[in-house]
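1. Sequence plus the predicted model coming up.
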Amino acid sequence: MPFLPDPRRLLSRSMPEFDLVAPLYDATRRPPSPAELGAVAEALQTCTEVLEAGVGTGRFAKPLSDRGFHLTGVDISREMLKRAGEKGLPRLLQADVHRLPFRDGAFEASLIIHVLQLIPEPARALEELARVARERVVAHLPDHRSGGLALRGELLQRYGEIAAEMGHPLPPRRRFWENTERVLRDLPPERVFVVEEDISPPTDPEMRWRDLRGFGGLITVPPEMHERIVARLLEEGRGDELPLGPRTRTLRVAVWETSGLRQLMKNRSERRNGGLRF
Ligand SMILES: C[S@@+](CC[C@H](N)C(=O)[O-])C[C@H]1O[C@@H](n2cnc3c(N)ncnc32)[C@H](O)[C@@H]1O
């Protein structure tokens with residue numbers, strides 16, 4: 001019997017779904033493109049002592065350290081960290097980005113990739129990243145308006161209904177785009193690099209469906225149940241709803257000088273406190 005988490009636990013901050021997704025993570029995602037890596041490297045400029053928060057399996061950290069960056073990686077998921085360790089990354093630590101176990105200014109730069117939109121308090125995370133970085137903070141995240149994963153909308157809803165019928169309701173989807181966009185508006189980055197990511201589905205028709213298990217709550221569905229749900233969706237004629245052609249989505253690499261970001265945060269908190277004064 002595979003380990004199945006209580007879906008209520010998935011609401012906690014610790015994100016146990018990443019422990020589950022760890023073995024599938026790299027297989028269901030493309031390695032970062034040269035353009036993406038180039039944008040991150042350019043954003044970091046001359047900073048080489050870098051903290052990556054939410055380092056995951058080291059998908060970015062490994063090629064960045066191969067380019068000469070001295071990366072320290074933290075992540076909340078032990079299983080994701082284990083995969084990063086298998087790639088030979090030397091400085092890895094289990095920690096929460098909202099409470100980083102480093103002294104002020106411990107790194108030249110801090111970096112966060114594909115994480116801000118997943119956490120409920122992106123502003124708090126940026127504050128921590130600014131605290132530990134002497135020079136700059138770099139955040140890499142998709143632009144959610146530019147398209148998302150293949151299983152969405154009505155198809156995802158139907159998948160969820162069938163999963164629930166089979167006794168395995170999907171955990172609630174947790175994406176905090178509004179919080180993240182608000183933070184980007186309130187704390188405007190000094191520079192934003194824009195790159196395109198290829199998110200075309202695999203060409204093998206079977207793999208298209210298998211691939212989906214690596215994303216969001218679907219990882220909690222046992223593999224044999226996933227196969228049965230997919231068979232039902234195909235019987236219902238919903239196979240054509242998967243976007244099958246080549247697709248891209250837009251990614252943003254936002255850069256703040258630490259001093260500028262701290263000032264923006266101070267102004268933001270003064271505005272907020274000011275609003276309460278009477
Ligand atoms: C979508 S993955 C991105 C991983 C990697 N940066 C990449 O781009 O491949 C999100 C990562 O953030 C981690 N994470 C989620 N919440 C976190 C938190 N509060 N503190 C630290 N890491 C967190 C997850 O465990 C996961 O490894």
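-> Structure received.
2. From here on, just use CA atoms for contacts and neighbour counts.
-> Will do.
3. could you say which helix or strand contains residue 110?
-> Here residue 110, judged by DSSP states H and E, is contained in strand 107-113.
4. again with residue 251
-> In the assignment (DSSP H and E), residue 251 maps to strand 248-257.
5. Check what contacts that strand and list those residues.
-> Defining contact as Cα atoms under 8 Å, 6 or more residues apart in numbering, one finds that strand 248-257 is touched by 39-40, 43, 135-143, 146-148, 189-200.
6. As a check, name the ranges of all strands in this structure.
-> 49-53, 70-75, 92-94, 107-113, 133-142, 191-198, 248-257 (DSSP state E).
7. what's in contact with the third one?
-> Residues external to strand 92-94 that are found in contact with it (Cα under 8 Å, 6+ apart): 72, 73, 74, 75, 76, 77, 78, 81, 85.
8. and with 10 Å instead?
-> 51-55, 58, 71-82, 84-85, 100-101 (Cα atoms under 10 Å, 6 or more residues apart in numbering).
9. out of these, which are buried?
-> Neighbour-count burial (16 or more other Cα atoms under 10 Å) applied to the contacts of strand 92-94 gives 51-55, 58, 71-82, 84-85, 100.
10. and the ligand, which of those residues reach it?
-> 53, 54, 55, 75, 76, 77, 80 (Cα under 6 Å from any ligand atom).
11. nearest to residue 273, of those residues?
-> residue 53 (28.9 Å; Cα to Cα).
12. list the contacts for that closest one?
-> With contact set as Cα under 10 Å, 6+ apart, residue 53 has these partners: 72-76, 93-98, 100, 110-116, 125, 129, 139.
13. Check which residues of the one helix or strand in the chain whose mean pLDDT sits lowest are buried.
-> Lowest by mean pLDDT, DSSP states H and E among the helices and strands of the chain is helix 205-211, with a mean of 74. Neighbour counts using 16+ other Cα under 10 Å place 208, 209, 210, 211 of helix 205-211 among the buried residues.
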